[in-house]
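Chemist: okay, structure incoming, though there's no sequence with it:
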């Protein structure tokens, strides 16, 4: 943008010319005294004249990825004819972002035009464009420009789950979970007589010296398993307090923690979205898979309209460990959960309904002329009935309240591996 | 009625977020206006003095509220009229005082208009992020 004169310079020029004409025409040399400040200002402006130079402004970085809870500085670089100038940078405020200063506007003499931004929660944000205005130190010449918008991607907090793996019957080949199958492993199953094909290093010399014939240690194999995380993003339940965690927030954080937990065991983790806010992630393992899941979660779209049609899980290997993250308000979601159980998966329900929604204390947050509080209470009672029926089907459902939420469920599932099972009579 | 409430709420919010530096500059504008009015009022005929004072006060107040506008220039008009009417017989110190007050008024309005009233002032840092155009060489320098 080219530089133009400001109101201040126009004022000085008009006052100088006007007073000059007055002094000459009416022969009033005393008017010259009043001209002095304006003449001085015009002279200063002429010394700082920018000529044909233009001003250009650029923001950096243009795109940034940060973890949830972090802040970072938005810097603006300007090209101008003067080393020192009055530079004003104004970033438009938007919901979900906290600026420092809180008005998002700074004035400096050319350096130090950083504005700190702290996103309040995960997601993708577009900030800007910023309006940049440059004036010379005399306040006589001004140019304005806009920067490009800046894209901020905030990854959800990825702390890992507390507790064990909960894998009772792994279905993979090689991994970190104990299985019931005999083979090469580290867990002792029993001691038996030597058979052709047994490894010599498995010979148990103590038992052999006592009993005579060669005996070997028989071990249980360790396998990995498939983990499928199903996300119910059909609805995003927002509590009365807009700063509180929504059901989508809880779902995203649960997915981040669960995926990171099982990737740590070397399992294959996949993600399926019943709605269309998050998307699908194919099965994969290793640290790269954890990063892929986090990237997909950070790009989740909060502003998508409520999606009515549920997208079912297309196929499922029996024995897959499924974590079903859902507020369980939709009947179709509960039906899908049961369908996955009937397909042979080990299903764990993760209840992501925000705490307090539908409880008696929440009624006060609604208006007096509204019965929404009471309606939510009734809806929650109906949902509690659904949860009770799911539990009778052997599907544990636990509310998501942080990384320790699933610890007891996972421990119970691991304990069930060695629990006695009823066998049908032959 | 709701529009009026929203308008007043907006004004109150704008006052709350104004920085102390801007308050100082606008206070200087008002103070300079008071000094100019006190020095120039004897030059104004008694019949039109109230009208002159009201017009001048309106100009000074508008300058303090919206410095980046034509308000400061229009405020000078009553001043010039008063000067042209009675300033010819005034003592030299009165000329100097009025000129000084006008200089302060003009500069304060200039710098108050340099940025929005809610812009936070940042001190310069060691790292220079900007590029300066060198007119003699036609190049950009850090």
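Modeler: Received, thanks. Just so it is clear, the model here is predicted, and its values are computed rather than measured. Residues are numbered from 1 along each chain as shown, chains lettered A, B, ... in the order given.
Chemist: C-alpha only now, for contacts and for neighbours.
Modeler: Noted.
Chemist: now the strands: where do they sit in the stretch 101-250 of chain A?
Modeler: Using DSSP state E, counting those that start in this stretch, the strands assigned to the stretch 101-250 of chain A run over residues A:105-108, A:115-119, A:123-127, A:131-135, A:141-146, A:150-155, A:177-193, A:215-223, A:226-231.
Chemist: adding distance to chain B and mean neighbour count, write those out as a markdown table.
Modeler: Shown next, in a markdown table, are the strands of the stretch 101-250 of chain A (distance: least, Cα to the nearest Cα, whole Å; neighbours: other Cα atoms under 10 Å in any protein chain shown):
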| stretch | distance to chain B | mean neighbour count |
| --- | --- | --- |
| strand A:105-108 | 5 | 25 |
| strand A:115-119 | 10 | 20 |
| strand A:123-127 | 18 | 19 |
| strand A:131-135 | 7 | 25 |
| strand A:141-146 | 9 | 20 |
| strand A:150-155 | 18 | 22 |
| strand A:177-193 | 54 | 16 |
| strand A:215-223 | 55 | 21 |
| strand A:226-231 | 42 | 26 |
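Chemist: check these for me: which has the lowest mean pLDDT.
Modeler: Per-segment mean pLDDT for these reaches its minimum on strand A:177-193, at a mean of 74.
Chemist: make CSV from the strands of the stretch 101-250 of chain A and add distance to residue A:42 to it.
Modeler: Putting those into CSV (distance: least, Cα to Cα, whole Å) gives the following:
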stretch, distance to residue A:42
strand A:105-108, 24
strand A:115-119, 34
strand A:123-127, 39
strand A:131-135, 15
strand A:141-146, 11
strand A:150-155, 39
strand A:177-193, 82
strand A:215-223, 83
strand A:226-231, 67
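Chemist: skipping adjacent residues, who's closest to residue B:73 in space?
Modeler: The shortest distance from residue B:73 to any non-neighbouring residue, by Cα to Cα, 6 or more residues apart in numbering or on different chains, is to residue A:11 (5.5 Å).
Chemist: okay, angle between the helix or strand containing the one you found and strand A:141-146 too, please.
Modeler: Taking DSSP states H and E as the definition, one finds residue A:11 inside helix A:7-25. Angle, helix A:7-25 to strand A:141-146, by axes from the mean of the first three to the mean of the last three Cα atoms, to 10 degrees: 160 degrees.
Chemist: for the longest helix along chain A, name the packing helices and strands.
Modeler: In chain A, taking DSSP state H as the definition, the longest helix is helix A:372-392. Packing contacts for helix A:372-392, counted by 3 or more Cα pairs under 8 Å, 6 or more residues apart in numbering or on different chains; DSSP states H and E, involve strand A:397-399.
Chemist: report all helices and strands that the strand it packs on contacts.
Modeler: For strand A:397-399, the elements it packs on are strand A:346-351, helix A:372-392, judged by 3+ Cα pairs under 8 Å, 6+ apart.
Chemist: neighbouring contacts of the shortest one?
Modeler: Think strand A:346-351. Where contact means Cα atoms under 8 Å, 6 or more residues apart in numbering or on different chains, the residues beyond strand A:346-351 that reach it are A:319-328, A:337, A:340-341, A:395-400.
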